[in-house]
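Student: Build the 3D model from these lines:
(chains A and B)
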Amino acid sequence: MIRSGKLATGLGLAGLIVLFGLVGPLLTGDPATIRDVGLTPPGGEHLLGTTLTGQDVLAQLAHATRGSLWIGVLVGVMATVLSGVFGIVGAYAGGIVDEVFSLFSNVMLVIPGLPLVIVVAGFVPADQRGTWTIALVLAITGWAAAARVLRAQTLSLRNRDYVAAARVSGERTWRVICVEILPNLLPILASQFVFAVVLAILSEAGLSFLGLGAANSSTLGTMLYYAQNGFALQREAWWWFVPPGLVIALFGGALVLINFSIDEIINPRLRDRARRGRDVVAVEAEIAPVDDDAVLTVRNLNVVYQAATPVHAVKDVSLTLRRGEILGLAGESGCGKTTLAYAINRLHRPPAEVTSGSVVFHNGADVDVLALEPEELRQFRWAQLSMVFQGAMNSLNPVTPIRAQLQDVLRTHRPSMPAAQREERCAEVLRLVGVDPARLGSYPHELSGGMRQRVMIAMALLLDPQVMIMDEPTTALDVLVQREILNEISRLRDELRFAVIFITHDLPLLLELSDRIAVMRDGEVVEYATAEDVYLRPQHPYTRQLLASFPSLTGERGALIT
Amino acid sequence: MTTLEVRGLTKKFHRFQAVDDVSFTLTAGRTTALVGASGSGKSTIARMIARLVRPTSGEIVLTGPDGEPVPRRAYRDHVQMIFQDPFASLNPFHTVEHHLARPLRLHGRPRSEVPRLLEKVSLTADFAARRPHELSGGQRQRIAIARALAPGARVIIADEPVSMLDVSIRLGVLKLLARLQREENLSVLYITHDLATARHFSDEVLVMHQGRIVERGPSDDVLMRPQDPYTRRLAAAAPDPEARFRQGGQP
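Tutor: Have a look, this model is predicted:
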């Protein structure tokens, strides 16, 4: 179960220190015993030497570790419970309860912690200042930040469908919180608990060092306090102050290491970690292109995700895109169609790796896309081959107007273009996609989904590319808006003669729009033919299955209900 | 026979009128499709019927088999909902067994019915021990259907039950719903933006636009011979490869 080195190290260290705190005091003698040996360096009878008053440092360390751990656990539990109550309950209840709880957490958050702790600790008379008092003070000053995080997460979980489903099935509120929401917060709660423990041990050490810690109890902080008062540093008695400092540092470090891996332990889906591959591409020798009219040739392309078990996402795919052609790429989720599109544009990131094959762009001379140097690639992308991404309408930057986002592309690729001409070009592409150029000053949220999608297409048109790859450009849109966008794409293609690779799961849409269609399944192109052939004479069983999955609006009714 | 009647249902979110004076009746043994573009108010109606959202005005009256209105407390024994996204509607931390056993227990049925529920949705009993991340989208949605059936519901609100699924398994899930509807004599409200499946899987169609029902009637009448201009545009916008290749030969 323990896979990462970080986690193993963290757990090992923390385990050893906890064990020392639990068992140590039973094995070492009374730490308070005063002997008249004075300061003795480590060795012989006293493994870690003695203090100024002849007390055994090892015995003190064992007791102090136990005391510090105890405070840490107390504070951890109290702070976690407090943040849970104020964060989770408030967020789930909503309304006035949430307002009040969240106001209270915010007030607690802005109270500066350590000074308050110092004031409170100083205010309580020393003889009443027990472990519990200190723990309580530390917990009360330390829970608020965690509560805010929990609140935000609960607000998001509260709107999940499975919570709604539990309500519809008639679950009571407290059960919804405890059974449906709480388990999903476990990674956060656990890491906050660990963090609270670390913070408490450190704060307590700080307080004790200042002489404001718990009376009559020994912690790592009090040890340091006595070491300081006994001029350990000046006397060069390192064995007196190094061990407690080291235990604090090691325990803190161990818990931080555990914190890194908590999500990995609790969430089983995250355990499979991808290995970072090399971003080097192996390119096979290119055979001369067959098609004179081709603008893009993909030959025997293979893309593999180099995970623990490598996933062969694109298998030996060969496609030819002709000038002005709309090539439909049909397939279901996970069939590799998006990976293929990314690889054609070299946008794939490790662990995805092109293991073999070639992508050649024909524009006068042939350009081997996979062999381009970073700078060449930067100039090639968008200018020759642009892309409209999946969910593109949400990929506009919400805080800058459309104008700035369009002009950025021109500024990057045509730095010499005068400002007036830039403005004119931006207006021109907006007109091309049927958006009023007056909208240049608008922010994305002021436009409808369909209009944002048109702006994304306009952005892809800016540099007059030869090829445009569109990945599910209309999936998030209404049928009516989808129809408008499709008409727009057909029209622009006819006017500007660029070629389009149109990726979607919606086969009827492709049948209507594209010239040729490639049907992908499990990374392979199983059928590659004209739209007419795919519709009227499908060869592969999977194509037939896909075709049958879309009932026709006009076909015989009731034929499907068996 | 259980009937659910919606009268003058209206929902306002601040100033935005999401649902405007909507009335219809769901009767046992019939599937009613509610079609419309996103933002037309379809899901808000579903959530009001499932009592997740409180209506601004109007009423939802559930009449039991005895002809008497069903008391508020027993409402959820009769009305259940299937959500759109099977990846979001199952809690990743719980097993399939938990998802089915809880509603069974809440409505006074024995946990031992879990295998029978799984069988109803064409899954084997060994699915009970699995967790959502081990299931495919189609299997998840089958679990969600089984969960809706667990309390013995007579009225099922299916809010876009297949739009998040892969295309090749959509029809299978819809056929399953249709079969259950016939076998158990359920009333189903099938909410969708897809006119073709609405036509094939429902008896009656309601077309929504901007919170109102603009056209209603038997599904063939509404979708084959639409009267309302909005319905016409909607019907014309759906991709229709047949039109392109009609001269090409066989359909």
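Student: Name the nearest residue to the residue of the stretch 101-250 of chain B found nearest chain A, sequence neighbours excluded.
Tutor: Proximity to chain A, evaluated over the stretch 101-250 of chain B using CB to the nearest CB, is greatest for B:Pro241 at 3.5 Å. Glycine gets a C-beta too; all of them are placed from N, C-alpha and C. Of all residues not flanking B:Pro241 in the chain, A:Leu511 sits nearest, at 3.5 Å (CB to CB, 6 or more residues apart in numbering or on different chains).
Student: can you pull the contacts of the one you found?
Tutor: Applying CB atoms under 8 Å, 6 or more residues apart in numbering or on different chains to A:Leu511 gives the contacts A:Gly328, A:Ile517, A:Ala531, A:Val534, A:Tyr535, B:Pro239, B:Pro241, B:Arg244, B:Phe245.
Student: Of the residues you listed - the most surrounded one?
Tutor: Counting neighbours by other CB atoms under 10 Å in any protein chain shown, A:Val534 comes out on top of the contacts of A:Leu511 with 27 neighbours.
Student: does that one sit in a helix, a strand or a coil?
Tutor: helix (DSSP: H, G, I helix; E, B strand; the rest coil).
Student: what's the helix or strand for the nearest residue to it once chain neighbours are set aside?
Tutor: Once flanking residues are discounted, A:Val534 sits nearest to A:Ile517: 4.7 Å by CB to CB, 6+ apart. According to DSSP states H and E, A:Ile517 maps onto strand A:516-521.
Student: ok, residues contacting that strand?
Tutor: Residues outside strand A:516-521 that contact it (CB under 8 Å, 6+ apart) are A:317, A:319, A:325, A:327-332, A:335-337, A:340, A:507, A:510-511, A:525-531, A:534, A:540, A:542-543, A:546.
Student: Counting neighbours, which of the residues you listed end up buried?
Tutor: Buried subset of the contacts of strand A:516-521 (neighbour count, 16 or more other CB atoms under 10 Å in any protein chain shown): A:317, A:319, A:325, A:327-332, A:335-337, A:340, A:507, A:510-511, A:525-529, A:531, A:534, A:540, A:542-543, A:546.
Student: Filter these down to just the ones in strands.
Tutor: Among the buried ones among the contacts of strand A:516-521, the ones falling in strands (DSSP state E) are A:Val317, A:Leu319, A:Leu327, A:Gly328, A:Leu329, A:Ala330, A:Val525, A:Val526, A:Glu527, A:Tyr528, A:Ala529.
Student: what residue lies at the spatial centre of chain B?
Tutor: B:Ala158 (1.4 Å; CA atoms, centre = their mean).
Student: and it, helix, strand or coil?
Tutor: With three-state DSSP as the basis, B:Ala158 sits in strand.
Student: that older thread, in a markdown table, list the ones in strands among the buried ones among the contacts of strand A:516-521 along with pLDDT.
Tutor: As requested, those are exported to a markdown table (pLDDT from 0 to 100):
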| residue | pLDDT |
| --- | --- |
| A:Val317 | 90 |
| A:Leu319 | 90 |
| A:Leu327 | 92 |
| A:Gly328 | 92 |
| A:Leu329 | 92 |
| A:Ala330 | 91 |
| A:Val525 | 90 |
| A:Val526 | 91 |
| A:Glu527 | 91 |
| A:Tyr528 | 91 |
| A:Ala529 | 89 |
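Student: Which stretches in chain B count as strands?
Tutor: Under DSSP E, chain B gives strands at B:3-13, B:16-27, B:31-35, B:57-63, B:79-82, B:155-159, B:187-192, B:204-209, B:212-218.
Student: quick one, which of these is nearest to A:Leu61?
Tutor: Across the strands of chain B, A:Leu61 has its closest neighbour in strand B:79-82 (60.9 Å, CB to CB).
Student: wait, which of the strands of chain B is closest to A:Arg299?
Tutor: Using CB to CB, the strands of chain B put strand B:187-192 closest to A:Arg299, at 41.7 Å.
Student: pLDDT averaged over the closest one - what is it?
Tutor: The predicted model assigns strand B:187-192 a mean pLDDT of 94.
Student: close to chain A, is that strand?
Tutor: No. Judged by CB under 8 Å from any CB of the partner chain, strand B:187-192 and chain A are separated, with a smallest distance of 11.2 Å.
Student: Show residues contacting that strand.
Tutor: By CB under 8 Å, 6+ apart, strand B:187-192 touches B:2-4, B:26-35, B:42-43, B:45-46, B:49, B:154-163, B:177, B:181, B:198, B:201-202.
Student: Would you mind checking these for buried ones?
Tutor: Neighbour counting with 16+ other CB under 10 Å marks B:2-4, B:26-28, B:30-35, B:42-43, B:45-46, B:49, B:154-162, B:177, B:181, B:198, B:201-202 as buried within the contacts of strand B:187-192.
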